[in-house]
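> One predicted model, sequence on top.
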Amino acid sequence: MSAKAIESGGGDATDPFRPESPSDEEDEPSQSSDQASDGSPGKLPQGPPQGPDGSGSDPRDPPKDGGSNFSHKAAKAAAAVVGGALFVGAVPVALGAMGFTGAGIAASSLAAKMMSSAAIANGGGVAAGSLVATLQSVGATELSTSSNIILGSAGSALGAWLWDR
(Lines give C-alpha, C1' and ligand atoms only; values in the text may rest on other atoms or scores of the structure.)
Protein backbone atom coordinates (compact mmCIF):
# COMPACT_ATOMS: atom_id res chain seq x y z
CA MET A 1 0.00 0.00 0.00
CA SER A 2 1.34 3.42 -0.90
CA ALA A 3 1.79 6.35 1.43
CA LYS A 4 -0.84 8.30 -0.52
CA ALA A 5 -3.44 5.57 0.00
CA ILE A 6 -2.70 5.45 3.72
CA GLU A 7 -3.04 9.24 4.06
CA SER A 8 -6.35 9.34 2.20
CA GLY A 9 -7.73 6.47 4.28
CA GLY A 10 -8.12 4.19 1.29
CA GLY A 11 -7.26 0.52 1.36
CA ASP A 12 -7.42 -1.95 4.16
CA ALA A 13 -4.50 -1.80 6.54
CA THR A 14 -5.45 -5.09 8.17
CA ASP A 15 -4.77 -7.19 5.06
CA PRO A 16 -1.22 -6.50 3.83
CA PHE A 17 -1.47 -9.10 1.02
CA ARG A 18 -4.52 -7.58 -0.62
CA PRO A 19 -3.57 -5.68 -3.79
CA GLU A 20 -4.43 -2.02 -4.07
CA SER A 21 -6.86 -0.81 -6.60
CA PRO A 22 -5.60 1.93 -8.92
CA SER A 23 -8.57 4.13 -8.15
CA ASP A 24 -7.38 7.50 -6.87
CA GLU A 25 -3.65 7.21 -7.30
CA GLU A 26 -2.07 9.03 -10.20
CA ASP A 27 0.81 7.44 -12.01
CA GLU A 28 3.40 9.62 -13.66
CA PRO A 29 3.13 9.43 -17.42
CA SER A 30 6.01 7.49 -18.92
CA GLN A 31 7.91 8.78 -21.88
CA SER A 32 6.70 7.22 -25.06
CA SER A 33 9.09 5.99 -27.69
CA ASP A 34 8.20 8.82 -30.06
CA GLN A 35 9.49 11.51 -27.71
CA ALA A 36 12.86 13.09 -28.30
CA SER A 37 15.57 12.98 -25.71
CA ASP A 38 14.92 16.63 -24.86
CA GLY A 39 11.34 15.82 -23.85
CA SER A 40 9.52 17.39 -26.81
CA PRO A 41 6.87 14.96 -28.10
CA GLY A 42 6.78 13.79 -31.70
CA LYS A 43 10.36 14.65 -32.69
CA LEU A 44 13.02 12.03 -33.11
CA PRO A 45 16.53 12.91 -32.01
CA GLN A 46 18.75 14.17 -34.81
CA GLY A 47 22.50 14.53 -35.14
CA PRO A 48 25.19 13.16 -32.89
CA PRO A 49 24.35 12.27 -29.31
CA GLN A 50 24.66 15.09 -26.82
CA GLY A 51 27.70 15.12 -24.60
CA PRO A 52 27.48 15.52 -20.82
CA ASP A 53 27.96 19.26 -21.16
CA GLY A 54 25.21 19.56 -23.80
CA SER A 55 27.67 20.77 -26.41
CA GLY A 56 26.51 18.36 -29.08
CA SER A 57 29.74 16.42 -29.10
CA ASP A 58 29.83 12.69 -28.98
CA PRO A 59 30.76 11.57 -25.45
CA ARG A 60 33.19 9.08 -26.99
CA ASP A 61 35.24 11.90 -28.52
CA PRO A 62 38.40 12.90 -26.66
CA PRO A 63 37.96 16.03 -24.56
CA LYS A 64 38.87 19.33 -26.15
CA ASP A 65 41.36 21.22 -24.06
CA GLY A 66 40.75 24.71 -25.41
CA GLY A 67 44.02 25.24 -27.27
CA SER A 68 46.47 24.41 -24.50
CA ASN A 69 48.02 21.83 -26.84
CA PHE A 70 49.98 24.62 -28.56
CA SER A 71 51.40 25.87 -25.29
CA HIS A 72 52.39 22.33 -24.32
CA LYS A 73 54.20 21.81 -27.63
CA ALA A 74 55.91 25.21 -27.37
CA ALA A 75 57.11 24.41 -23.85
CA LYS A 76 58.32 20.99 -25.01
CA ALA A 77 60.29 22.64 -27.83
CA ALA A 78 61.79 25.10 -25.36
CA ALA A 79 62.79 22.22 -23.07
CA ALA A 80 64.43 20.50 -26.04
CA VAL A 81 66.43 23.63 -26.92
CA VAL A 82 67.52 24.11 -23.32
CA GLY A 83 68.46 20.43 -23.00
CA GLY A 84 70.56 20.57 -26.17
CA ALA A 85 72.36 23.76 -25.10
CA LEU A 86 73.06 22.34 -21.66
CA PHE A 87 74.57 19.17 -23.08
CA VAL A 88 76.82 21.04 -25.49
CA GLY A 89 77.90 23.52 -22.81
CA ALA A 90 78.26 21.03 -19.98
CA VAL A 91 80.70 18.63 -21.63
CA PRO A 92 83.72 20.99 -21.68
CA VAL A 93 82.96 22.09 -18.12
CA ALA A 94 82.68 18.49 -16.92
CA LEU A 95 85.90 17.48 -18.68
CA GLY A 96 87.71 20.47 -17.17
CA ALA A 97 86.43 19.53 -13.73
CA MET A 98 87.73 15.99 -14.21
CA GLY A 99 91.19 17.34 -15.10
CA PHE A 100 91.20 17.16 -18.91
CA THR A 101 92.25 20.78 -19.64
CA GLY A 102 93.54 22.67 -22.67
CA ALA A 103 97.06 22.55 -21.20
CA GLY A 104 96.91 18.76 -20.70
CA ILE A 105 95.99 16.55 -17.78
CA ALA A 106 95.93 18.35 -14.42
CA ALA A 107 98.02 16.88 -11.61
CA SER A 108 96.21 15.05 -8.77
CA SER A 109 92.92 14.97 -10.67
CA LEU A 110 90.59 12.20 -11.70
CA ALA A 111 92.08 12.44 -15.20
CA ALA A 112 95.57 11.82 -13.76
CA LYS A 113 94.34 8.75 -11.90
CA MET A 114 92.64 7.46 -15.06
CA MET A 115 95.84 8.01 -17.06
CA SER A 116 97.93 6.22 -14.44
CA SER A 117 95.59 3.20 -14.44
CA ALA A 118 95.57 3.07 -18.25
CA ALA A 119 99.38 3.28 -18.39
CA ILE A 120 99.83 0.48 -15.83
CA ALA A 121 97.32 -1.70 -17.69
CA ASN A 122 99.11 -1.16 -21.03
CA GLY A 123 102.66 -1.68 -19.78
CA GLY A 124 103.69 1.95 -19.32
CA GLY A 125 101.87 3.90 -22.05
CA VAL A 126 98.38 5.06 -22.85
CA ALA A 127 96.96 3.34 -25.92
CA ALA A 128 95.89 5.54 -28.81
CA GLY A 129 92.09 5.63 -29.14
CA SER A 130 91.51 4.62 -25.52
CA LEU A 131 89.03 6.46 -23.34
CA VAL A 132 91.74 8.47 -21.60
CA ALA A 133 93.35 9.48 -24.91
CA THR A 134 90.01 10.52 -26.39
CA LEU A 135 89.00 12.55 -23.34
CA GLN A 136 92.43 14.21 -23.26
CA SER A 137 92.04 15.18 -26.91
CA VAL A 138 88.53 16.58 -26.37
CA GLY A 139 89.66 18.48 -23.27
CA ALA A 140 92.59 20.04 -25.13
CA THR A 141 90.86 20.96 -28.41
CA GLU A 142 87.15 21.21 -27.52
CA LEU A 143 84.54 19.20 -29.41
CA SER A 144 84.20 19.00 -33.17
CA THR A 145 81.09 20.30 -34.91
CA SER A 146 79.75 16.79 -35.48
CA SER A 147 80.26 15.95 -31.80
CA ASN A 148 78.40 19.12 -30.81
CA ILE A 149 75.52 18.19 -33.13
CA ILE A 150 75.33 14.69 -31.63
CA LEU A 151 75.46 16.04 -28.08
CA GLY A 152 72.87 18.72 -28.90
CA SER A 153 70.52 16.11 -30.39
CA ALA A 154 70.88 13.84 -27.37
CA GLY A 155 70.29 16.76 -25.00
CA SER A 156 67.26 17.89 -26.98
CA ALA A 157 65.75 14.42 -26.87
CA LEU A 158 66.39 14.17 -23.15
CA GLY A 159 64.94 17.64 -22.49
CA ALA A 160 61.77 16.87 -24.48
CA TRP A 161 61.41 13.50 -22.77
CA LEU A 162 61.81 15.03 -19.33
CA TRP A 163 59.21 17.70 -20.17
CA ASP A 164 56.63 14.99 -20.94
CA ARG A 165 57.25 13.30 -17.60
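Cool, the structure landed. Numbers count the residues shown, from 1 in each chain.

> isn't S153 right next to V81, touching?
No: S153 lies out of contact with V81 (CB atoms under 8 Å); the separation is 11.8 Å. Just so you know, the C-beta spots here come from the backbone N, C-alpha and C atoms, and that holds for glycine as well.

> Would you point out the helix or strand in this structure whose mean pLDDT is lowest?
Taking mean pLDDT, DSSP states H and E as the measure, the chain has helix 3-8 as its least confident helix or strand, at a mean of 63.

> Toward the C-terminus, what is the element adjacent to it?
Moving toward the C-terminus from helix 3-8, the next helix or strand (DSSP states H and E) is helix 68-98.

> What's the mean pLDDT across that following helix?
What helix 68-98 shows for mean pLDDT is 89.

> May I see the buried residues of that helix?
Within helix 68-98, the residues scored as buried using 16 or more other CB atoms under 10 Å are K76, A79, A80, G83, G84, L86, F87, V88, V91, P92, L95, M98.

> So the third one sits against W161, correct?
No: the criterion here is CB under 8 Å, and A80 misses it with W161 at 9.0 Å.

> Quick one: neighbours of A119, just the number.
Per other CB atoms under 10 Å, the neighbour tally for A119 reads 14.

> roughly how far apart are it and A127?
Taking CB to CB, to the nearest Å as the measure, A119 and A127 are separated by 9 Å.

> just V138 next, same as before
From V138 to A127 the distance is 16 Å (CB to CB).

> swap in S109?
According to CB to CB, S109 stands 20 Å off from A127.

> so which helix or strand takes in A127?
With DSSP H and E as the test, A127 turns up in no helix or strand.
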